[in-house]
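A.B. asks: Below is the structure, and that's it, no one-letter string:
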């Protein structure tokens with residue numbers, strides 16, 4: 001049996017579900033044809049999709065190489081963070097050069113220039129020796145250049161040596177030129193060659209800012225050669241912080257910009273506002289939900305995300321969906337159908353937004369306001385929603401429209417509003433266990449509600465919590481299913497049963513689906529149902545002991561039905 005997988009990883013992918021291929025294809029074409037040397041910065045904030053953009057660009061380059069077998073583009077990815085976590089900050093330029101050599105060697109293969117293969121072997125030897133004393137290597141300094149130069153091209157003593165940094169750069173440049181214009185042993189041109197070398201450098205903004213900037217300086221000083229293109233995934237602010245770390249906080253914004261412009265010839269800001277978030281959310285949801293539910297709700301999820309958080313950040317979307325996925329596993333009794341899942345997602349977004357507010361924004365907490373009024377009941381919640389709509393509150397307006405809770409004429413879908421009230425009042429006890437109902441009045445000890453509560457306890461059910469003034473949930477010890485809830489409303493007490501969704505069509509409900517059925521004074525069987533739930537018993541305020549006895553009999557019947565493996569009773 002296939003195990004259902006939960007959660008979404010943060011791995012970059014070349015599967016484009018954000019509609020990013022259009023601009024990534026343009027960048028790839030630029031890389032294939034631009035003058036060199038060239039350094040391109042793919043800029044964006046945390047989690048905006050920079051690594052995925054690099055993979056999509058590389059996908060385009062793979063297609064280019066397939067179409068041009070004798071004029072290949074050599075490319076590779078250097079993940080700076082992986083080396084940084086190994087405490088190799090001081091050797092990053094060495095590893096960067098090693099990554100470039102591996103990239104060139106792989107592209108040249110056995111058919112490459114003799115000179116190129118010899119140069120690669122020499123550089124590899126030098127780098128292996130460099131890695132052995134990496135603690136002596138200083139980022140972006142003449143120490144690194146001098147050290148590598150002496151290993152690669154020892155001084156001749158005749159006074160003709162160039163500066164160490166220039167020597168290293170010249171050796172790398174000659175190697176790349178030999179690969180671009182290869183010859184055989186007799187000096188004749190080889191048909192197969194590489195046209196240019198592309199090095200993708202990822203996760204620069206995960207390094208210490210000063211480390212990131214010094215690596216960029218080393219790259220510019222030693223590796224910025226003809227036929228080379230560097231593509232960086234970076235947050236510009238991190239580079240600016242690195243410049244400040246090296247040159248002091250007194251450096252002017254203009255000077256920081258000059259440093260940045262000297263290194264980066266093409267800055268490109270990811271156009272996250274053009275991301276196709278509905279399609280992205282639909283792609284993610286399709287991995288977790290039945291297709292019919294995904295098709296029905298995906299756009300609603302995207303609308304909630306865009307309105308409540310106002311962000312198209314892919315990483316944030318995945319993080320919220322991961323919490324959403326987890327809560328369904330922990331509290332399945334509260335998330336029974338597509339509406340409940342949508343309620344849960346909206347609630348998580350509200351909490352995420354409210355918790356992320358700064359000190360000056362803490363005066364308003366939409367989630368707390370909603371849950372507090374929901375704990376008071378449906379009518380107080382409705383009054384609150386109307387008040388916020390009168391204030392033109394965009395978030396509340398989106399919630400109501402996305403949920404389909406209110407018609408154009410202003411009338412509410414009372415069944416859906418009841419359901420949302422139930423959900424909020426229940427989930428508030430999980431999100432905020434210390435939250436108490438606004439009114440702490442207990443039901444009258446002799447009332448029908450308490451009589452039914454005592455009956456359910458005598459039958460072995462446990463009252464989970466009084467999540468609101470008007471709702472009481474009951475379950476069997478050791479199980480997560482809540483088969484029965486009592487609702488205390490102004491019109492009477494109602495008994496709600498929850499069960500497997502496939503039982504909603506059982507013949508048990510057929511007798512009173514169309515109309516209420518009186519079973520005792522003030523006690524009716526009535527059916528208001530949704531996916532996986534039904535209100536089956538209602539007792540008005542005009543009741544007597546016979547009403548309670550009749551209600552208890554049918555409660556036992558329906559609890560047995562909800563818990564049984566057999567959907568008919």
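C.D. replies: Done, it's in. Only a predicted model underlies this, so the values are computations on that prediction, with no experimental measurement involved.

A.B. asks: residue boundaries of the helices in the stretch 401-550 of the chain?
C.D. replies: Under the criterion DSSP state H, counting those that start in this stretch, the stretch 401-550 of the chain contains helices at 414-431, 448-458, 545-563.

A.B. asks: List the contacts of residue 216.
C.D. replies: 204, 232, 239, 242, 263 (Cβ atoms under 8 Å, 6 or more residues apart in numbering). All C-beta atoms are positioned from the backbone trio N, CA, C, and that covers glycine.

A.B. asks: From those, which land in strands?
C.D. replies: residue 232 (DSSP state E).

A.B. asks: Could I get the contacts of residue 216 in a markdown table, plus columns for pLDDT, neighbour count and distance to residue 79?
C.D. replies: Supplementary listing: these in a markdown table, determined by pLDDT from 0 to 100; neighbours: other Cβ atoms under 10 Å; distance: Cβ to Cβ, whole Å:
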| residue | pLDDT | neighbour count | distance to residue 79 |
| --- | --- | --- | --- |
| 204 | 83 | 26 | 10 |
| 232 | 92 | 27 | 12 |
| 239 | 84 | 24 | 18 |
| 242 | 86 | 26 | 18 |
| 263 | 88 | 17 | 19 |
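
A.B. asks: sorry, back to before: with respect to burial, which of the helices of the stretch 401-550 of the chain scores highest?
C.D. replies: helix 414-431 (a mean of 21; mean count of other Cβ atoms under 10 Å).

A.B. asks: Residue 260 and residue 236 touch, don't they?
C.D. replies: Yes - with contact defined as Cβ atoms under 8 Å, residue 260 counts as touching residue 236 (6.6 Å).

A.B. asks: so how far is the helix or strand where residue 39 lies from its chain's centroid?
C.D. replies: Here residue 39 sits within strand 38-43, counting by DSSP states H and E. With Cα atoms, centre = their mean, to the nearest Å as the basis, strand 38-43 stands 25 Å off its chain's centre.

A.B. asks: List the neighbouring strands of it plus their orientation.
C.D. replies: If you go by DSSP bridges, strand 38-43 pairs up with strand 228-234 (parallel), strand 266-269 (parallel).

A.B. asks: ok so, going back, taking the contacts of residue 216 together, which two end up most distant?
C.D. replies: Spanning the widest gap among the contacts of residue 216 are 232 and 242, at 12.8 Å by Cβ to Cβ.

A.B. asks: Now do the same for the closest residue to residue 457 other than its chain neighbours: its pLDDT.
C.D. replies: Leaving aside its chain neighbours, residue 457 sits nearest to residue 463 (6.7 Å; criterion: Cβ to Cβ, 6 or more residues apart in numbering). pLDDT, residue 463: 85.

A.B. asks: Please name the bridge partners of residue 463.
C.D. replies: residue 474.

A.B. asks: What segments of the stretch 101-250 of the chain are strands?
C.D. replies: 193-202, 228-234 (DSSP state E, counting those that start in this stretch).

A.B. asks: Among the contacts of residue 216, find me the one that's closest to residue 493.
C.D. replies: residue 204 (63.1 Å).

A.B. asks: show me what contacts that closest one?
C.D. replies: Residue 204 neighbours (Cβ under 8 Å, 6+ apart): 80, 212, 215-216, 232-235, 238-239.

A.B. asks: For the residues you listed, give me a markdown table that also has distance to residue 24.
C.D. replies: Output for those, formatted as a markdown table (distance: Cβ to Cβ, whole Å):
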| residue | distance to residue 24 |
| --- | --- |
| 80 | 21 |
| 212 | 23 |
| 215 | 24 |
| 216 | 22 |
| 232 | 15 |
| 233 | 12 |
| 234 | 16 |
| 235 | 18 |
| 238 | 22 |
| 239 | 22 |
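
A.B. asks: out of these, what pair is the most spread apart?
C.D. replies: Farthest pair in these, by Cβ to Cβ: 215 and 235, 14.4 Å.

A.B. asks: show me where pLDDT drops low in the stretch 51-200 of the chain?
C.D. replies: 83-91, 107-168, 182-192 (pLDDT under 70).

A.B. asks: go with 80
C.D. replies: Confidence mapping of the stretch 51-200 of the chain against pLDDT under 80 gives the ranges 70, 81-193.

A.B. asks: any chance of the strands of the stretch 101-250 of the chain in a markdown table, with distance to residue 371 too?
C.D. replies: Listed next are the strands of the stretch 101-250 of the chain as a markdown table, based on distance: least, Cβ to Cβ, whole Å:
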| stretch | distance to residue 371 |
| --- | --- |
| strand 193-202 | 41 |
| strand 228-234 | 40 |
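
A.B. asks: among those, which is nearest residue 304?
C.D. replies: Across those, closest to residue 304 is strand 228-234 (Cβ to Cβ), at 29.0 Å.

A.B. asks: Excluding its own residues, what touches the closest one? List them.
C.D. replies: Contacts of strand 228-234 (Cβ under 8 Å, 6+ apart): 27, 31, 34, 36-44, 50-51, 53-54, 57, 176, 196-205, 212, 216, 219, 223-224, 264.
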